[in-house]
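Have a look at this prediction, sequence included:
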Amino acid sequence: MSTVVVVGSGQAGLQAAASLRDKGFDGRVVLIGDEPGMPYQRPPLSKAYLDGSAGEDRLFLRPDVFFERSEIELVNGRVARLDRDNRQVELSDGTKYPYDHVILATGARNRPLPVPGAELGGVYGLRTRADADVLRGALEAANDVVVIGGGFIGLEFASHAGKPVTVVEVQDRLLARVATHEISAHFAKAHESAGTILLLGQGVVAMHGTDGQVESVELTDGRRIPADLVLVGVGVIPETALAEASGLDVQNGIVVDDLLHTSDPAVSAIGDCANFPSLHARCATRLESVQNAVDQGRFVAAGIAGEPAAYDSVPWFWTDQLGNKLQIAGIGTGYDTTEVFGDPAEGKFSVLSFLDGVLVAVESVNRPVDHMSARRLLATGRPTTLEELRASGFNLKEHLKSLTAA
């Protein structure tokens, strides 16, 4: 009987295990996770779970009965070694699981902030359910809340903290790594209107405290701002130690081909830890999103079950902040032209990004129809030009209709 071992029980790993059964794989499936309890989703941790509007039961990806019914062995343990010569996954307690194929879904860990004082009490990261539980309790007693990093996690936290927050961002705008200037400006206005203090173009050089507890954050311009709770949200680092130790190719993640295979065809990698050749990014890239985790889990399972295909799913991302739902289709890195469709002042608009006259990404604020139309347009593989969309008045839905009718 063939055995597949999945290392990592997050969104990507669980999807791969579930999809193996969906595709009719009748061998042994072992899903190994190093966090106790049932596999859960991470997006609510910085949103509804943080503010208490969603309970623990809303986090679980599957009920416990699912694993028994699907004959998926859910194992809690830390993988210490991937023995590719003997095709075994070994846990830290010495337990060994032989495999015919192994799927690495090891995810990522928070990037540390290498400044003095980062180890003080009251300085937190947010990656796991345990992190969110600690933060929920700490927020109740906090008076001066500081977020370091103006990306998705930091801004979602600020949106759901339930009290005033100061956001410190080293770039000169929010969401600088993931969104256009138009989107950055819109979210900056929304946060400032809600009382968030934005300190842009400022780095952090140190955190200061007394008796092991943080009291202030020192900025690059010399200012010290009061802080009794600091959330550090400066990105993540892919978990590649297991792959490196086993001799697999690692470069900004575990390197895979368009079938999501590593340099060892018996080993695949998916999700946040995988560096794959992206059709839509136009280069090898790593994506940290639920969509990518789920789609790659499905794709690699299909390949193992006998339906191999190149991974070419359209990337999409989303965030909810202060009544603004931002949905992004595609990857706009390197765009040279943008066009705005709709009215930002009304809180409903889309920003279309082009590179060399071809549509590469669409960011939609409270315009779900635009988002779905953009995903379908990008999925066709047919280049959509700036001239075509100008002719349609930048109406993505109507343009899509014209293509399907042709």
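Right, received. Where do you want to start? Residues are numbered from 1 along each chain as shown.

after the one helix or strand L31 maps to, next one along is what?
Following DSSP states H and E, one finds L31 within strand 28-33. Per DSSP H and E, the first helix or strand lying C-terminal to strand 28-33 is helix 48-51.

hey, C-alpha coordinates of that next one in PDB?
Extracted in PDB, the C-alpha atoms of helix 48-51 (Å, rounded to 0.1, in the frame of the first residue of the first chain):
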ATOM      1  CA  ALA A  48     -12.700  38.100  14.200                       C
ATOM      2  CA  TYR A  49     -10.900  35.800  16.600                       C
ATOM      3  CA  LEU A  50      -8.800  38.600  17.900                       C
ATOM      4  CA  ASP A  51     -11.700  40.800  18.700                       C
END
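
T220: neighbour count?
For T220, the neighbour count with other Cβ atoms under 10 Å is 12. No exception for glycine: its C-beta is placed from N, CA and C like everyone else's.

for this structure, longest helix please?
helix 290-304 (DSSP state H).

So which elements touch that helix?
Using 3 or more Cβ pairs under 8 Å, 6 or more residues apart in numbering; DSSP states H and E, the elements in contact with helix 290-304 are helix 11-22, strand 267-269.

Dump these into TSV; add distance to E239 as well.
Below are the helices and strands packed on helix 290-304 laid out as TSV (distance: least, Cβ to Cβ, whole Å):
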stretch	distance to E239
helix 11-22	12
strand 267-269	10
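
Which stretches in this protein count as helices?
11-22, 48-51, 64-70, 129-141, 152-160, 181-193, 241-245, 290-304, 368-379, 386-391, 396-405.

export those to a markdown table and tack on distance to D356 and mean neighbour count?
Formatted as a markdown table, the helices of the chain follow (distance: least, Cβ to Cβ, whole Å; neighbours: other Cβ atoms under 10 Å):
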| stretch | distance to D356 | mean neighbour count |
| --- | --- | --- |
| helix 11-22 | 33 | 25 |
| helix 48-51 | 40 | 20 |
| helix 64-70 | 46 | 13 |
| helix 129-141 | 42 | 15 |
| helix 152-160 | 28 | 25 |
| helix 181-193 | 19 | 18 |
| helix 241-245 | 35 | 16 |
| helix 290-304 | 25 | 23 |
| helix 368-379 | 16 | 20 |
| helix 386-391 | 9 | 14 |
| helix 396-405 | 19 | 15 |
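
so can I have CSV of the ones you listed showing mean pLDDT and distance to L113?
Below are these laid out as CSV (pLDDT from 0 to 100; distance: least, Cβ to Cβ, whole Å):
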stretch, mean pLDDT, distance to L113
helix 11-22, 98, 26
helix 48-51, 91, 20
helix 64-70, 95, 37
helix 129-141, 95, 15
helix 152-160, 96, 12
helix 181-193, 97, 21
helix 241-245, 98, 21
helix 290-304, 97, 25
helix 368-379, 96, 33
helix 386-391, 90, 40
helix 396-405, 84, 39
